[in-house]
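Asker: Build the 3D model from these lines:
(one chain, ligands or ions: 1)
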Amino acid sequence: MSASLPYVLILYYSRHGATRAMAERLAAGVESLRGIEARLRTVPPVSPTCEAVDPEIPAEGAVYASLDDLRHCAGLAIGSPTRFGNMAAPLKHFLDGTSELWLGGALIDKPATAFTSTSSLHGGQETTLLTMLVPLLHHGMVYAGLPYSETELMETTRGGTPYGASHLAGKRSDQPLDDHERALAQAQGRRLARLALALAPLQEKRS
Ligand SMILES: Cc1cc2nc3c(=O)[nH]c(=O)nc-3n(C[C@H](O)[C@H](O)[C@H](O)COP(=O)(O)O)c2cc1C
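Answerer: Model prediction:
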């Protein structure tokens, strides 16, 4: 990874690996463009014991996100398994710690998108995506979903919505992404990267 290239932060939480597999597809989409990189980061689980502290380096997957990863990104893709039709607590916990960035307007005019995974087909993919967008709007980000020019949106029988990529992981959360879900997640990463490059001059004007 080069220190000088702008990057899209792909920030996700995943317990069984489905959302992580989506994150990796979005990263491939970002990196299909020249001049921008993907930075994959996760967040630690939250615990019912408030004093519990997780090791700094997770046992597998991406390393944990820092506020600086978010502060300096050119764009943000945020991914969560659906939990009762909403994002998972560990991601919400991370976002609740971003007041400092909000106060300084660090994310204003940066593009953002969301992705999710569910166990059941009508188990809340759209509600999760739309509710994940709310804190991003508070931060002044510019939300981008998926346009219907991505023809898989009309063809999918599993995941994939105009609000963002989604995946049907199944009852045991063990179903791999199918071709449509993979293509849409990749297209979403590519689109976000294109928008991040296009909106970058706005950041230069603000600083
Ligand atoms: C507390 C909890 C709530 C859940 N709520 C939903 C839900 O509302 N709809 C649904 O389809 N699946 C629900 N699930 C299943 C997860 O969305 C599913 O396990 C997840 O998509 C797998 O993603 P991962 O492999 O990235 O962890 C829930 C799981 C848990 C543990």
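Asker: In the chain, where is pLDDT below threshold?
Answerer: In the predicted model of the chain, residues 1-3, 207 satisfy pLDDT under 70.
Asker: quick one: V30 from G164, how far?
Answerer: Using C-beta to C-beta, to the nearest Å, one obtains 15 Å as the distance from V30 to G164. To be clear about C-beta, it is placed using only N, CA and C from the backbone, and glycine gets the same treatment.
Asker: Show me which of the two is the more surrounded one.
Answerer: When V30 is set against G164 and neighbours are counted by other C-beta atoms under 10 Å, the residue ahead is G164, at 32 against 28.
Asker: can you tell me which residues contact that one?
Answerer: If a contact means C-beta atoms under 8 Å, 6 or more residues apart in numbering, then G164 has 113-116, 129, 145-146, 188 as its contacts.
Asker: Please apply the same query to A144.
Answerer: The contact partners of A144, by C-beta under 8 Å, 6+ apart, come to 111-113, 191-192, 195.
Asker: biggest separation within those residues, which pair?
Answerer: Among these, the pair separated by the greatest distance (C-beta to C-beta) is A112 and R191, at 11.6 Å.
Asker: which of the contacts of G164 lies closest to L202?
Answerer: For the contacts of G164, the nearest to L202 is T113 (17.3 Å; C-beta to C-beta).
Asker: quick one on the thing from earlier: mind giving me the ChimeraX command for buried ones among the contacts of A144?
Answerer: Listed next is the ChimeraX selection for buried residues among the contacts of A144, using 16 or more other C-beta atoms under 10 Å:
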select :111,112,113,191,192,195
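Asker: Whichever residue of the chain sits closest to the ligand: what secondary structure?
Answerer: When distances are taken as C-beta to the nearest ligand atom, the chain approaches the ligand most closely through G123, which lies 2.2 Å from it. The local conformation at G123, judged by DSSP: H, G, I helix; E, B strand; the rest coil, is coil.
Asker: My guess is it contacts N86. True?
Answerer: No: the pair G123 and N86 fails to qualify as a contact (C-beta atoms under 8 Å) at a distance of 11.3 Å.
Asker: count of neighbours near R83?
Answerer: 18.
Asker: what does D68 give?
Answerer: Number of residues near D68 (other C-beta under 10 Å) recorded here: 10.
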